[in-house]
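Engineer: could you work out the structure for the sequence below:
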Amino acid sequence: MPEARILTVDDDPDTLSILDTVLGAEYETVHAATGKECLDRVKAELPDLVVLDYDLPDIQGSEVCRILRRDPLFLGTPILMLTGKGEIEDKVAGLDAGVDDYVVKPFDPEELSARVRMLLRRSSTNLDANPLTRIPGNISIIGQLEERIGNKEAFAILYVDIDNFKALNDHYGFEKGDRVIKESARILIRTMQEKGTDRDFIGHIGGDDFVIVTAPGNAEEITKKIISDFDSAASGFFDEEDGANGYIEVRARDGRVRRFGLPTISIGIVSTENREFSHVAEIGSMGAELKQAAKAQKGSSFAVDRRAV
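Structural biologist: Below you'll find the predicted structure:
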């Protein structure tokens, strides 16, 4: 399992220092001192777990938790709340907001570590959230589409795939491949934060395949932003020497060496603008077809179904 990233949130520098000492040896830690900073850093860092103080200077910890739980991307992110001794009302408010567990301050380091391990272990057994990106998986994706079909909503779904990913993964190893997947997820999330709405949805099918559900009128603008940001980041997916060459060399099963350029991204856009769907399978079949059409083009590209039915 990749090293977990933990966001610790407290306005007391001494407490943050203690948390860093207790957790930093085993996990990657990042910090925030206010509720607003916590919300910003969660979106930027995609932590695997949040250790959140209840009593923050701007937004109460329970309200921070409630805001996070309204976002499908962070619905499954474990939240461990720090609260004062005997503050039962704080605990009730936190549980109502979606807190997963509590530790009372001043906390025992061994108890804190044990509770963090337990929450991370529990989170990793969630079969829907992707264990690498923590983005909702296939169950949530199907649920989102079925809901929209049932409500006869207008929507567009973007099928996103990274080209040349297998060659990169074979050449550099799975750790580099995982970093590319995570960075790609961050690009999608940042784009939706900038261009999307609260009603939009991001799902991780698995591997290098993602989906985005949005309004038909926003689909192409979102797609172009994703492609632009991905292409800007792509050179960083190669080592310096390979980046200078502009390609990597990978030996195929037949023994021949093939060259692969920088990763690109292909997106197929399925929309209800010109047709209606009665079940999810129809959407998936058309999405696969359009994604292949995008892949047939040179570089990062997208394909949209504009056929009227």
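Engineer: in stretch 178-190, what's buried?
Structural biologist: Across stretch 178-190, burial judged by 16 or more other C-beta atoms under 10 Å covers Val180, Ile181, Lys182, Ser184, Ala185, Arg186, Ile187, Leu188, Ile189. The C-beta positions use only the backbone N, C-alpha and C, and glycine is treated the same way.
Engineer: ok, those vs Ala25, which is closest?
Structural biologist: Lys182 (22.3 Å; C-beta to C-beta).
Engineer: where's the nearest residue to Asp48 once chain neighbours are set aside relative to Gly137, distance?
Structural biologist: Distances taken as C-beta to C-beta, 6 or more residues apart in numbering put Ala4 closest to Asp48, at 4.1 Å, once the chain neighbours are dropped. When distance is defined by C-beta to C-beta, to the nearest Å, Ala4 is 18 Å away from Gly137.
Engineer: do Tyr159 as well
Structural biologist: 15 Å.
Engineer: those two - which one has more neighbours?
Structural biologist: Counted by other C-beta atoms under 10 Å, Tyr159 and Gly137 do not tie: Tyr159 has more neighbours, with 26 against 20.
Engineer: please name the bridge partners of that one.
Structural biologist: Tyr159 forms beta bridges with Val211, Gly268, as assigned by DSSP bridges.
Engineer: is it true that it touches Glu289?
Structural biologist: No. Taking contacts as C-beta atoms under 8 Å, Tyr159 lies outside contact range of Glu289: 9.6 Å.
Engineer: could you say what helices and strands whichever strand or helix holds Lys182 packs with?
Structural biologist: Per DSSP states H and E, Lys182 falls inside helix 174-195. If you count contacts as 3 or more C-beta pairs under 8 Å, 6 or more residues apart in numbering; DSSP states H and E, helix 174-195 packs onto helix 35-45, strand 156-163, helix 165-172, strand 201-206, strand 209-214, helix 219-233.
Engineer: quick one: these as CSV, columns for distance to Pro13 and mean pLDDT too.
Structural biologist: CSV is the format used below for the helices and strands packed on helix 174-195 (distance: least, C-beta to C-beta, whole Å; pLDDT from 0 to 100):
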stretch, distance to Pro13, mean pLDDT
helix 35-45, 14, 91
strand 156-163, 40, 96
helix 165-172, 39, 93
strand 201-206, 34, 92
strand 209-214, 38, 96
helix 219-233, 33, 96
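Engineer: between the ones you listed, which gets nearest to Arg253?
Structural biologist: Taking C-beta to C-beta, helix 165-172 is the member of these nearest to Arg253, at 10.6 Å.
Engineer: what lies in contact with that closest one?
Structural biologist: 176-177, 180, 207-208, 237-239, 248-250, 258, 260, 263 (C-beta atoms under 8 Å, 6 or more residues apart in numbering).
Engineer: mind redoing it with 6 Å?
Structural biologist: For helix 165-172, the surrounding residues in contact (C-beta atoms under 6 Å, 6 or more residues apart in numbering) are Gly177, Asp208, Ile248, Val250, Phe260, Pro263.
Engineer: which of those are buried, as a ChimeraX select command?
Structural biologist: The following ChimeraX line selects those of the contacts of helix 165-172 that are buried, judged by 16+ other C-beta under 10 Å:
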select :177,208,248,250,260,263
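Engineer: which one in the contacts of helix 165-172 is the model shakiest on?
Structural biologist: pLDDT across the contacts of helix 165-172 is lowest for Val250, at 90.
Engineer: which other residues reach stretch 243-254?
Structural biologist: By C-beta under 6 Å, 6+ apart, stretch 243-254 touches Ala167, Asp170, His171, Ser235, Asp242, Val257, Arg258, Arg259, Phe260, Gly261.
Engineer: from those, which land in strands?
Structural biologist: Mapping the contacts of stretch 243-254 onto strands (DSSP state E) picks out Val257, Arg258, Arg259, Phe260, Gly261.
Engineer: ok, the second one - how many residues close by?
Structural biologist: Neighbour count for Arg258, taken as other C-beta under 10 Å: 12.
Engineer: give the contact list for it.
Structural biologist: Contacts of Arg258 (C-beta under 6 Å, 6+ apart): Val250, Ala252.
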